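> Next one to model:
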Amino acid sequence: MFHGSRFVALAYLVALMTLSCADKNVPAGATTQTGAGKDSAAKRDSVTPKVATVAASGGQVNVRPRADAAAGMDAAKHTAATSGELPKRTHRDSVALASMTSKKDSVNDAKWPVKMPAQLPGALFPEKRVVAFYGNPLSKKMGVLGEYPKEEMLSKLDHEVARWAQADPSHPVQPALHFIVTVAQGTPGKAGLFRLQMRDSMVNELYSWARAKHALLFLDVQVGKSTVQAEVPRLRPFLENPDVHLAIDPEFAMATSGAIPGTKIGTLDAKDVNWAVGFLDEIARTKNLPPKVLIVHRFTRKMVTNAREIRYAPHVQVVMDMDGWGPPWLKFDSYHDYVKADPVQFTGFKLFFHNDTKKGDPLLTPAEVLRLNPRPLYVQYQ
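Model (predicted):
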């Protein structure tokens with residue numbers, strides 16, 4: 001098992017293989033991210049595979065809702081995490097946080113902030129912090145973006161933005177929607193690439209949601225057995241807008257291994273990231289836009305190979321996002337080992353309303369996340 005994979009149940013995949021989901025714009029193999037990640041087996045043994053929740057019937061999208069009891073438990077845990085007092089943590093959680101914020105970690109502390117030229121006018125970081133809701137509106141299980149009706153979801157985003165603004169008044173908070181625009185799936189599809197591209201009409205709809213809230217839109221690409229170089233160019237018309245940015249997810253990049261998405265953690269190399277940096281840099285320069293942001297998800301070392309070769313471009317800000325779930329100590333350790341100790345430019349941290357709390361741990365609060373060094377400037381909720 002893996003901390004971090006959005007696994008697809010085999011029986012469900014067999015049923016979905018008979019559907020022509022690419023024509024219906026339904027993420028057939030839509031998977032739910034499940035973990036954070038150290039590489040040791042001892043830290044993987046609590047992971048439970050997740051079952052895809054999107055099915056197609058008669059051209060309609062049918063999503064199985066979570067049980068009311070489970071929803072109530074999740075709400076209770078989240079309420080505890082958002083109360084005025086910091087939630088009680090285990091000794092192991094406290095030790096993990098202390099180990100990366102103590103003087104013993106001074107070697108890694110000295111790497112931050114990353115030395116680079118002053119940011120260009122209009123750059124988001126380091127002046128602002130982005131708080132984003134992640135998911136796909138066709139699935140309740142891929143993240144908070146699709147779990148709730150639009151207005152309820154946007155209201156919840158407002159709530160989280162306000163909490164972060166209160167926790168760190170020195171950084172204005174920029175809301176964002178993080179939309180999985182290319183979904184890795186367990187069936188090959190017509191192109192045989194184990195990925196499904198959302199239609200432009202859906203991108204436009206999500207963009208309208210974002211603009212109405214003065215929020216950013218991030219387009220997230222899970223390439224399956226395709227490549228970043230093949231999947232990203234179709235998004236250029238959207239990325240030419242100043243408030244639309246890009247994310248790539250190595251977890252579902254399977255070209256190297258040849259495995260089916262969800263059966264093995266994928267990988268991208270610095271050359272793939274650098275290609276995306278160059279693509280965004282060219283757009284920003286030719287269209288005279290503020291610097292673009294590129295989010296790269298990571299929760300194991302091998303997910304991003306040769307990370308220190310990721311190059312700097314003045315018109316692109318690269319964020320390495322700790323993208324896994326688990327108890328606080330595991331998230332802290334993963335942030336330390338795969339983000340802090342392997343610096344690129346800026347850092348991100350992902351919080352899971354359900355998976356982070358499934359063992360009874362309250363969700364990490366903004367105040368707790370802000371104790372990390374470096375402080376994440378991109379915060380994503382799934």
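> which residues in the stretch 151-300 of the chain form strands?
Ranges of strands within the stretch 151-300 of the chain are 173-184, 195-197, 216-221, 244-248, 268-269, 292-298, based on DSSP state E, counting those that start in this stretch.
> tell me the SS of residue 318?
strand (DSSP: H, G, I helix; E, B strand; the rest coil).
> surely it meets residue 277?
Yes - between residue 318 and residue 277 there is a contact at 6.5 Å, judged by C-beta atoms under 8 Å. C-betas here are computed from N, CA, C, even on glycine.
> any shared contact partners between those two?
294, 310 (C-beta atoms under 8 Å, 6 or more residues apart in numbering).
> about what we covered before: what's the closest of the strands of the stretch 151-300 of the chain to residue 347?
Closest of these to residue 347 is strand 292-298, at 10.2 Å (criterion: C-beta to C-beta).
> ok, and what's touching the next helix or strand after the closest one?
Next helix or strand after strand 292-298 toward the C-terminus (DSSP states H and E): strand 304-305. Here strand 304-305 makes contact (C-beta under 8 Å, 6+ apart) with 250, 267-270, 273, 296, 298, 320.
> can you put those residues in TSV and add neighbour count, distance to residue 161 and pLDDT?
TSV is the format used below for these (neighbours: other C-beta atoms under 10 Å; distance: C-beta to C-beta, whole Å; pLDDT from 0 to 100):
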residue	neighbour count	distance to residue 161	pLDDT
250	27	28	98
267	19	33	98
268	28	30	98
269	18	35	98
270	18	33	98
273	25	28	98
296	26	23	98
298	27	24	97
320	27	22	98
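> Need the distance between the two termini of stretch 297-310.
Stretch 297-310 has an end-to-end distance of 14 Å (criterion: C-alpha to C-alpha, to the nearest Å).
> so residue 269 bridges to which residues?
Assessed by DSSP bridges, residue 269 has beta-bridge partners residue 305.
> now residue 205: how far from residue 215?
Distance of residue 205 to residue 215, given as C-beta to C-beta, to the nearest Å: 14 Å.
> Looking at the two, which is more packed in?
Each of residue 205 and residue 215 has its neighbours counted (other C-beta atoms under 10 Å); residue 215 has more, 23 against 15.
> list the contacts for the more buried one?
Contacts of residue 215 by C-beta under 8 Å, 6+ apart are 157, 174-177, 209, 243.
> can you check residue 148 too?
Applying C-beta under 8 Å, 6+ apart to residue 148 gives the contacts residue 156.
> What of residue 259?
Residue 259 is in contact with residue 266, counting by C-beta under 8 Å, 6+ apart.
> related to what we said a few turns ago, among the contacts of residue 215, name the buried ones.
157, 174-177, 209 (16 or more other C-beta atoms under 10 Å).
> follow-up on the earlier one: now the contacts of strand 304-305 as TSV including distance to residue 181?
Below are the contacts of strand 304-305 laid out as TSV (distance: C-beta to C-beta, whole Å):
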residue	distance to residue 181
250	16
267	21
268	17
269	22
270	23
273	18
296	16
298	20
320	20
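> Name the nearest of these relative to residue 338.
Checking the contacts of strand 304-305 against residue 338 with C-beta to C-beta, the nearest one is residue 298 at 5.3 Å.
> can I assume that closest one is in contact with residue 338?
Yes - with contact defined as C-beta under 8 Å, residue 298 counts as touching residue 338 (5.3 Å).
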